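>>> Make a model of this:
(one chain, ligands or ions: 1)
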Amino acid sequence: MAHPDRYLLAGVMGWPVMHSRSPKLHNYWLAQHHLIGAYVPLAIKEDGLEKALRALPALGFSGCNLTIPHKEQAMKIVDHVDPVARRIGAMNCVIVGADGSLSGTNNDGFGYIASIREAKPDWRADQGPIVVLGAGGAARAVLVSLIDEGAREIRLLNRTPARADDLAREFGGPIKTYAWSSRNDALEGAAMLINTTSQGMVGQPEHDILLDKLPTTALVSDIVYIPLETSLLAAARKRGNTTVNGLGMLLHQARPAFKAWFGVMPDVTKELRSMIEATI
Ligand code: ATR
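Okay, the predicted model is just below:
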C-alpha cells in the first residue's frame with residue numbers, strides 16, 4: 001500500500017483529560033473510514049493553552065477539541081470564533097486552516113439537537129413549552145440550539161435565579177424564568193423537560209423534582225451521561241415518558257468536528273454507542 005502523504009492528527013486539550021471518551025470515538029471513526037492517523041489526549045494546563053494551540057499547525061494537527069478548563073479562554077487566543085461559539089460563550093472545537101490560522105466553533109448545540117432527533121426523528125422545538133433546568137455552561141449550548149430550532153416558549157429555572165435571569169436577558173426571545181421552588185408546577189403542559197444541571201450525576205445530589213404535572217407525552221432529556229440513566233430519567237421512564245440520555249450529545253457533537261478535520265461526516269453507529277457505553 002502506498003504511504004499517505006500525511007498522518008492525520010487531532011486531539012483533545014484539557015486538564016484533567018485522561019477521562020475523555022473522545023479519543024475512543026474519533027479513533028473508531030478513523031479506523032472505520034480507513035484513514036491513517038490518530039486522535040490523542042493532550043494534557044494541557046491553563047497556562048500552557050496558548051502555546052499548545054499555536055503549536056497545532058506546526059505539528060501538522062488538523063485541529064483539536066477543548067474541554068475543562070479551556071473552553072472560554074481559547075476564544076481569546078484563536079484567530080476566528082464563529083457566531084455559534086460566540087453566542088454560547090465557549091468553544092469546544094478548533095480547526096487549523098490551510099494558512100495555519102486557528103478557527104473556533106462549538107458543536108455542543110448541534111450534538112444536542114442531533115441526539116434528540118436520533119431518539120425522536122419527528123421532534124420539533126415548537127411543539128410546546130420546553131422546561132430547562134440549569135443556567136450554567138451546558139445550558140447555554142442547549143438554549144442557543146433550542147432558540148435556533150424555533151422554540152417558542154422556554155421556561156428556564158435555576159437554583160441561583162440571577163443566572164437564569166442573566167441568560168433570559170442575553171438570549172431574550174422565548175425564554176421566561178421561573179423560581180426554582182416552582183419547578184414541579186412549571187411542568188404543567190410542557191412538551192419537553194431538559195436537565196442541564198449536574199444534579200443526578202455520579203457524586204452529586206439526586207433530583208428532587210416531582211413529575212406529576214408533566215404530560216406523559218413529554219420528552220425528557222438529561223445531558224448527564226454518568227450514570228446513563230439518571231434518577232430523573234428513571235422516574236420519567238417509569239411513568240411512560242420517552243427519555244434521552246446525555247451520551248448522544250457527546251457522540252453527535254464529535255461528528256462535525258471529524259468532518260471539519262478529516263473531510264468525512266461520520267455516523268453514530270450502534271457498535272460505537274455500545275463501545276462507549278461499556279466505558280461508563
Ligand atoms: P456546566 O458548565 O456543566 O453547566 P456550571 O456552569 O457549574 O456547569 O453549572 C452547573 C449547573 O448545575 C448550574 O445551573 C447549577 O446551579 P447554580 O447556578 O445554582 O449553581 C446547577 N446545579 C449544580 N448542583 C445543583 C444542585 N444540587 N441543585 C440544583 N442545581 C444544581
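>>> List the contacts of W123.
The contact partners of W123, by CB atoms under 8 Å, 6 or more residues apart in numbering, come to 116-117, 219. Every residue, glycine included, has its C-beta placed from N, CA and C.
>>> any weak-confidence spans in the chain?
Residue ranges of the chain with pLDDT under 70: 1-2.
>>> Map the structural domains onto the sequence of it.
Here the domain parsing of the chain from automatic domain parsing is 8-106+248-277, 109-245.
>>> close to the ligand, is the shortest one?
No: counting by CB under 6 Å from any ligand atom, the ligand has no neighbours in domain 8-106+248-277; the shortest distance is 8.2 Å.
>>> got the contact list for V84?
V84 is in contact with 105-106, 109, 144, counting by CB under 8 Å, 6+ apart.
>>> Which of the residues you listed sits closest to the ligand?
N106 (12.3 Å; CB to the nearest ligand atom).
>>> Could you report the neighbour count for the residue of the stretch 51-200 of the chain found nearest the ligand?
Nearest residue of the stretch 51-200 of the chain to the ligand, counting by CB to the nearest ligand atom: G136, 2.1 Å away. As a burial measure, G136 scores 13 neighbours (other CB atoms under 10 Å).
>>> So it sits against N195, correct?
No: in this structure, G136 is not within contact of N195 by CB atoms under 8 Å, at 11.4 Å.
>>> how far does stretch 174-188 sit from the chain's center?
23 Å (CA atoms, centre = their mean, to the nearest Å).
>>> Now do the contacts for the most centrally placed residue in the chain.
The residue lying closest to the centre of the chain (CA atoms, centre = their mean) is D108, at 3.3 Å. Neighbour list for D108: 88, 92, 138, 141-142, 145, 249, 253 [criterion: CB under 8 Å, 6+ apart].
>>> R6: which of those residues is nearest?
For the contacts of D108, the residue nearest R6 by CB to CB is N92; the value is 24.5 Å.
>>> so where do the helices sit in the chain?
Remark: helices assigned in the chain by DSSP state H are 22-32, 49-59, 83-88, 108-119, 137-148, 161-171, 231-238, 247-262, 270-277.
>>> so can I have JSON lines of these showing distance to D185?
JSON lines is the format used below for those (distance: least, CB to CB, whole Å):
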{"stretch": "helix 22-32", "distance to D185": "39"}
{"stretch": "helix 49-59", "distance to D185": "44"}
{"stretch": "helix 83-88", "distance to D185": "29"}
{"stretch": "helix 108-119", "distance to D185": "24"}
{"stretch": "helix 137-148", "distance to D185": "20"}
{"stretch": "helix 161-171", "distance to D185": "16"}
{"stretch": "helix 231-238", "distance to D185": "17"}
{"stretch": "helix 247-262", "distance to D185": "27"}
{"stretch": "helix 270-277", "distance to D185": "35"}
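>>> Select, out of those helices, the one closest to G97.
Comparison of those against G97 by CB to CB identifies helix 49-59 as nearest, at 8.3 Å.
>>> tell me what that closest one is packed against?
When contacts are defined as 3 or more CB pairs under 8 Å, 6 or more residues apart in numbering; DSSP states H and E, helix 49-59 sits against strand 8-14, strand 63-66, strand 93-96, strand 102-105.
>>> distance between it and the chain's centre?
Remark: helix 49-59 is offset 24 Å from the chain centroid, using CA atoms, centre = their mean.
>>> same deal with stretch 160-171?
Using CA atoms, centre = their mean, the offset of stretch 160-171 from its chain centre is 20 Å.
>>> Mind exporting the C-alpha coordinates of that stretch to CSV?
The C-alpha trace of stretch 160-171 is given here as CSV (Å, rounded to 0.1, in the frame of the first residue of the first chain):
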residue,chain,number,x,y,z
THR,A,160,-29.5,30.6,41.7
PRO,A,161,-32.2,32.7,40.0
ALA,A,162,-29.8,35.6,38.9
ARG,A,163,-28.0,33.3,36.5
ALA,A,164,-31.3,32.3,34.8
ASP,A,165,-32.3,36.0,34.6
ASP,A,166,-29.0,36.9,33.0
LEU,A,167,-29.5,34.2,30.4
ALA,A,168,-33.0,35.4,29.7
ARG,A,169,-31.8,38.9,29.2
GLU,A,170,-28.9,37.8,27.0
PHE,A,171,-30.8,35.4,24.7
